[in-house]
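Trainee: Please find the sequence and the predicted model below.
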Amino acid sequence: MISKVVTIKNRAGIHARPAALIVQTANQFASQIFFEKDSNRINGKSIMGIITLGAAFNTSLTVIADGKDELAAVEAIVKLFENKFEEG
């Protein structure tokens, strides 16, 4: 199991488009992927789960992956956050 804290840097936070990008990316990996905010843990492969986190600008989340490709999964998802979901 591997985890990393990420911070949302795009002004709009996680809305439908970033959530879809996260799910698309997460589904490329065999590992289980989760996001934690406060005490809530959601499935990173569920668009509804991600949207219901209500993650706004400057919110920190923990990305957790567990499985054979966990490191690659976390790196790919962290890259989305670092690139502000390609929203600038």
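Mentor: Arrived safely. Numbering: from 1, shown residues only.
Trainee: and the residue of the chain positioned farthest from its centre, how far is that from Ala76?
Mentor: Going by Cα atoms, centre = their mean, the residue of the chain most distant from its centre is Lys68, 18.2 Å out. Using Cβ to Cβ, to the nearest Å, one gets 14 Å for the distance from Lys68 to Ala76. Any C-beta I mention is one placed from the backbone N, CA and C, and that applies to glycine too.
Trainee: Give the closest residue to Leu53 in space, chain neighbours not counted.
Mentor: Distance criterion Cβ to Cβ, 6 or more residues apart in numbering; nearest residue to Leu53, sequence neighbours excluded, is Lys37 at 5.1 Å.
Trainee: I figured the one you found hits Thr52, correct?
Mentor: No - using Cβ atoms under 8 Å as the test, Lys37 is too far from Thr52 to be in contact (10.0 Å).
Trainee: The two: who's more crowded?
Mentor: Neighbour totals were compared for Lys37 and Thr52, and Lys37 leads with 15 against 12 (other Cβ atoms under 10 Å).
Trainee: per-residue confidence at that one?
Mentor: According to the prediction, Lys37 has pLDDT 95.
Trainee: same deal with Ala73?
Mentor: pLDDT, Ala73: 98.
Trainee: For Ala12, see how far away it is.
Mentor: 24 Å.
Trainee: Looking at those two, which is more packed in?
Mentor: Neighbours around Ala73 and Ala12, counted as other Cβ under 10 Å, are more numerous at Ala73. The numbers are 25 against 13.
Trainee: Report the secondary structure state of that one.
Mentor: helix (DSSP: H, G, I helix; E, B strand; the rest coil).
Trainee: Relative to Arg41, how far out is it?
Mentor: 16 Å.
Trainee: got any ranges where the chain has weak pLDDT?
Mentor: Applying pLDDT under 70 to the chain picks out residues 88.
Trainee: can you map out the helices along it?
Mentor: 16-26, 47-52, 70-82 (DSSP state H).
Trainee: Next, format those as JSON lines and append distance to Thr62.
Mentor: As requested, the helices of the chain are exported to JSON lines (distance: least, Cβ to Cβ, whole Å):
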{"stretch": "helix 16-26", "distance to Thr62": "14"}
{"stretch": "helix 47-52", "distance to Thr62": "13"}
{"stretch": "helix 70-82", "distance to Thr62": "10"}
